[in-house]
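> My questions concern the predicted model and sequence given below.
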Amino acid sequence: MSVEQTDVLIVGGGLMGAASAFFLRQRGRSVVLLERDMIGQYASGVNFGNVRRQGRFLGQLELANRSFALWKRLPQLIDDDLEFVASGQMRVCYREEQIAELEAYAAAPEARELDLKIYRGRELHERFPFLGPEVKGGSYAPHDGHANPRLAAPAFARAAHRAGARIEERCEVTSVEKVGGQFRVITRDGREYRAEQVLITAGAWGEKISAQFGEPVPLIAKGPQMSVTEPVPYALKTVIGVYTKHPEEVLYFRQIPRGNIIIGGCNHTQPDMLNRRAHFDPQSLLKQMQQMCRLAPEMTKLNVIRTWSGIEGYVADSLPVMGPSGQVDGLYYAFGFSGHGFQLGPGVGDVMAELMSTGSTSTAISPFHISRFAGMAEPRSKAS
């Protein structure tokens, strides 16, 4: 069996893996990316496409700001804009007391670059007349927007390939171990790779690998529930999302320039992880339409033409696992982005490339270190 040597081997070809491969090549590292199925097939290619910073954990905004700067430069970086439109994003609420929470978030020092504006009452409904009467207030982020998730990971993978990375699809990893000072990675078709560093960007399957190295993560897989309407004249540029502590009220929608309105939220399904399949529950569409009656009643008159789902990895504290292993030198993680990783993708790739190439990063990511789960369970197996 032939052995291929590389500086970095990446396991998982979603947006995080593809972006990391691209930025590692910008730093001169040799890279092999292995994807079990197709690039961007699971979470990265099926999400809502929200390119938002507002509403994030305040400690994550530094990473989101770094990513936002890259979103604005995508045509120069990867020769593709991913249909990114900085259309603005409105985070609305149904309860008066929640307006104060939106105001507190907007006033936080970490949120200063977002230029948030709070709307309420008559001003809100004059600015956004399509919102239902139950909507009491909202926070408007003028620089946020949306993009096409189906394009993102493949575009970064193509750019990484043009820069010299090796991208392998339909290539399942069956074993990752550290032997001496190097990692030994075996694939189902019998190929062997040796690498100085390994980056795990395997999404909902990332915990399966981290646990093998004594670092289990409380991660569960969920299937997002997405639907799209027939095209209508393009009139709604702002992305709308509901701020609420009640999961059944979580709803978001956006209109794309082609006219279709994309809707997500209200429910999740349990994916079939063995067969790597997710399904859309018809009840999800009923729940979405019930909530849409509250949020934007006129939208319920449109025909839904397609529904879909995917497989996303959610961590118990809703924060990603990102950074170096706490157990094994040369092992790194970037997974578990809990349904809000799309906007972060370019920034995650840039940060991981910086970290793996220099040993540190100028962007704070310590809240995401896997060591926060230390001691949760015994390791399934250990690195040799």
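That came through, no problem. Residues are numbered from 1 along each chain as shown.
> who's in contact with the closest residue to Ile305 other than its chain neighbours?
Excluding its sequence neighbours, the residue lying closest to Ile305 (Cβ to Cβ, 6 or more residues apart in numbering) is Glu230, at 5.4 Å. Bear in mind the C-beta positions are built from the backbone N, C-alpha and C, glycine included. Each residue near Glu230 by Cβ atoms under 8 Å, 6 or more residues apart in numbering is listed here: Gly259, Asn260, Leu302, Asn303, Val304, Ile305.
> Just the closest of those residues to Glu207, please.
Val304 (33.8 Å; Cβ to Cβ).
> distance of the closest residue to the closest one other than its chain neighbours from Arg306?
Spatial nearest neighbour of Val304, chain neighbours left out: Ser227 (5.1 Å); criterion: Cβ to Cβ, 6+ apart. Between Ser227 and Arg306 the computed distance is 7 Å (Cβ to Cβ, to the nearest Å).
> which of those two has more neighbours?
Ser227 (20 against 12; other Cβ atoms under 10 Å).
> starting at the chain centroid, how far to whatever helix or strand Val228 lives in?
Assessed by DSSP states H and E, Val228 sits inside strand 219-229. Strand 219-229 sits 12 Å away from the centroid of its parent chain (Cα atoms, centre = their mean, to the nearest Å).
> who does that strand touch, helix- and strand-wise?
Packed against strand 219-229 by the contact rule (3 or more Cβ pairs under 8 Å, 6 or more residues apart in numbering; DSSP states H and E) you find strand 261-269, helix 282-295, strand 304-308, strand 312-315.
> Spatially central residue (nearest the centroid) of the chain, please.
The centroid of the chain falls nearest to Gly341 when counting by Cα atoms, centre = their mean (1.9 Å).
> Spit out the contact partners of that residue.
Per Cβ under 8 Å, 6+ apart, neighbours of Gly341: Leu15, Met16, Ala43, Ser44, Asn47, Pro320, Val348.
> Double-check the third one against Gly13; I have them as touching.
Read it as Ala43. No - between Ala43 and Gly13 there is no contact under Cβ atoms under 8 Å: 11.4 Å.
> Please say which of the two ends up with more neighbours.
Remark: of Ala43 and Gly13, Gly13 carries more neighbours, 32 against 29, as counted by other Cβ under 10 Å.
> Can you give the strand pairings for the strand holding Val228, parallel or anti for each?
According to DSSP bridges, strand 219-229 forms sheet pairs with strand 261-269 (antiparallel), strand 304-308 (antiparallel), strand 312-315 (antiparallel).
> In a markdown table: the ones you listed, plus distance to Gln288 and mean pLDDT.
Formatted as a markdown table, these follow (distance: least, Cβ to Cβ, whole Å; pLDDT from 0 to 100):
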| stretch | distance to Gln288 | mean pLDDT |
| --- | --- | --- |
| strand 261-269 | 5 | 96 |
| strand 304-308 | 9 | 97 |
| strand 312-315 | 17 | 97 |
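> Adding distance to Arg372 as columns, could you present those in CSV?
Output for the strands paired with strand 219-229, formatted as CSV (distance: least, Cβ to Cβ, whole Å):
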stretch, distance to Arg372
strand 261-269, 24
strand 304-308, 33
strand 312-315, 10
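> Minimum distance to Gly241: which of those has it?
strand 261-269 (8.0 Å).
> Tell me, domain by domain, which residues of this structure belong where.
As recorded under automatic domain parsing, the domains making up the chain are 3-48+150-216+317-373, 85-144+220-314.
> Dump those into a markdown table; add distance to Leu74 as well.
Compiled in a markdown table, the domains of the chain are given as follows (distance: least, Cβ to Cβ, whole Å):
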| stretch | distance to Leu74 |
| --- | --- |
| domain 3-48+150-216+317-373 | 7 |
| domain 85-144+220-314 | 12 |
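> most packed of those?
Mean neighbours per residue, mean count of other Cβ atoms under 10 Å, is largest over the domains of the chain for domain 3-48+150-216+317-373, with a mean of 21.
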